[in-house]
Structures are given as structure tokens and as C-alpha cells.
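K.L.:
Quick one: sequence and predicted model below, then my questions.
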Amino acid sequence: MAKASPWKTATCFIIGRGAKEISLSSASGDAPARFYMNSVPAGSDIPHRLIRKSESKLLELGAEQRSNKRKLRMYIHPEVAPSCLLLMGITDLADGSVWNTMPPHLHERRMEAYCYFDLAPEDRVIHLMGRPDETRHLVVADLEALVSPAWSIHMGAGTGPYAFVWGMTGENQEYNDVAPVAVADLK
Ligand SMILES: O=C[C@H](O)[C@@H](O)CC(=O)C(=O)O
């Protein structure tokens, strides 16, 4: 039976530079909340801000016939909720699709981190990384996170439904500042 995905109520919270004490708690101990954090150096003061899923910027990507149909929601992004240099969002795959971040790309001015979630215990994501002509793979389980250097592709295919939080930082927040990599060039 499909479990009610916790992320359907995912909320993002920006905590600006200089916050001294942060306390997190679940509304109910019976259904503990999950907290996932990306923290990056900040060069300016940004007010703390709650960002609800309804406020996120939605991109509909991919195609069913390419098995990569997916919804990408930008939470921390200049058009939604400005930050100093952090970008964060959540991508989830349409039923029957498996590939994220397809076609692959590099963004040589930003590093990235992924945290996969909503994977069933028996499922895995085969995550591809590394330089396009020298790829490596990781077999990733639910709630496992990984870091992608600026020179590395970052893409994956799941054996079952999944979603992931992506976060980036670096020299800019230009989401479209990417260098596409042709699948045919991957080795
Ligand atoms: O640079 C952008 C990040 O890799 C992700 O936002 C891409 C992604 O979620 C996807 O296409 O599935």
C-alpha cells in the first residue's frame, strides 16, 4: 500500500547568518518529522523565512516515453526565497519514471548535494557520478545523501518510486548556468 509520503507536506526554512540557537521538534512523537539541512557560508544577512511547498517554483521536466518525467520544485531560489548563495529544491519522479537529472549536466561554478528519500526499503537508486568520460556509480538507499563536486555529473535511476532534495552553492545562483552532457558521451 503506498505510504503517505511525508514530503507532500515538505516545508523549507531558511535560517539566516548569525542565528545562535536553533531548536527543532516534531509535532507528534508518533510521526517524527525528518529534518534535512544544507548549510553554506553566507556573506550577507538574509531574514529567516519559512517556504511552503505552495510557494515553490514548479518546473515540469522530462517525458514519460524517456522514463524521466518529473516535477522539480525550487524552494530556495532568487525567484522564490532569496538566500546568499544557497539553492535548494525537491524533485520527485512521475509514476513509472526512473531517471532524474536526465540529460546530465555539469555546473562548474557550483557544487551540489543530493539526499534521496521516499525510497522503499527494498529499493535503491543507482546514482551516476564522476567526470563524464570516467563515470562511477553509487548504490543509494533511502535517506542517504551524497556530494557532487563541480566537475562531476550527478544523475540516477531508481528501482522504485523516490524523490530527492537537491542543494547547490558556489559562485552564483543562476540555476540555468549548466553545461549539458550528451548521454552518448558518457563512459
Ligand atoms: O542542477 C540542478 C540539479 O542537478 C537538480 O535540480 C536537477 C534535478 O533535480 C533534475 O533534473 O531531476
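P.N.:
It's in.

K.L.:
Which parts of this structure are strands?
P.N.:
11-14, 49-52, 57-61, 70-76, 87-93, 99-100, 105-106, 110-117, 125-131, 134-140, 145-148, 153-158, 163-170, 179-180 (DSSP state E).

K.L.:
export the ones you listed to TSV and tack on mean pLDDT?
P.N.:
Conversion of those to TSV gives the following (pLDDT from 0 to 100):
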stretch	mean pLDDT
strand 11-14	92
strand 49-52	94
strand 57-61	97
strand 70-76	97
strand 87-93	96
strand 99-100	98
strand 105-106	97
strand 110-117	97
strand 125-131	98
strand 134-140	98
strand 145-148	98
strand 153-158	98
strand 163-170	97
strand 179-180	96
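
K.L.:
Save those strands as TSV, and put in distance to the ligand and mean neighbour count too.
P.N.:
C-betas here are computed from N, CA, C, even on glycine. Formatted as TSV, the strands of the chain follow (distance: least, Cβ to the nearest ligand atom, whole Å; neighbours: other Cβ atoms under 10 Å):
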stretch	distance to the ligand	mean neighbour count
strand 11-14	14	18
strand 49-52	16	14
strand 57-61	6	12
strand 70-76	5	21
strand 87-93	4	23
strand 99-100	4	24
strand 105-106	6	18
strand 110-117	6	20
strand 125-131	12	20
strand 134-140	14	14
strand 145-148	8	17
strand 153-158	6	22
strand 163-170	4	22
strand 179-180	11	10
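
K.L.:
of all those strands, which lies closest to residue 43?
P.N.:
Proximity to residue 43 (Cβ to Cβ) singles out strand 163-170 among the strands of the chain, at 11.4 Å.

K.L.:
Can you tell me the strand partners of the closest one and which way each runs?
P.N.:
Within its sheet, and counting by DSSP bridges, strand 163-170 is paired with strand 87-93 (antiparallel), strand 110-117 (antiparallel).

K.L.:
Can I get it in CSV? Just the C-alpha atoms.
P.N.:
What follows is strand 163-170, C-alpha atoms only, in CSV (Å, rounded to 0.1, in the frame of the first residue of the first chain):
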residue,chain,number,x,y,z
ALA,A,163,12.2,11.8,-4.5
PHE,A,164,15.3,13.8,-3.5
VAL,A,165,16.3,17.1,-2.0
TRP,A,166,19.0,18.9,-4.1
GLY,A,167,21.1,21.8,-2.8
MET,A,168,23.7,23.8,-4.5
THR,A,169,26.2,26.5,-3.7
GLY,A,170,29.2,28.2,-5.3
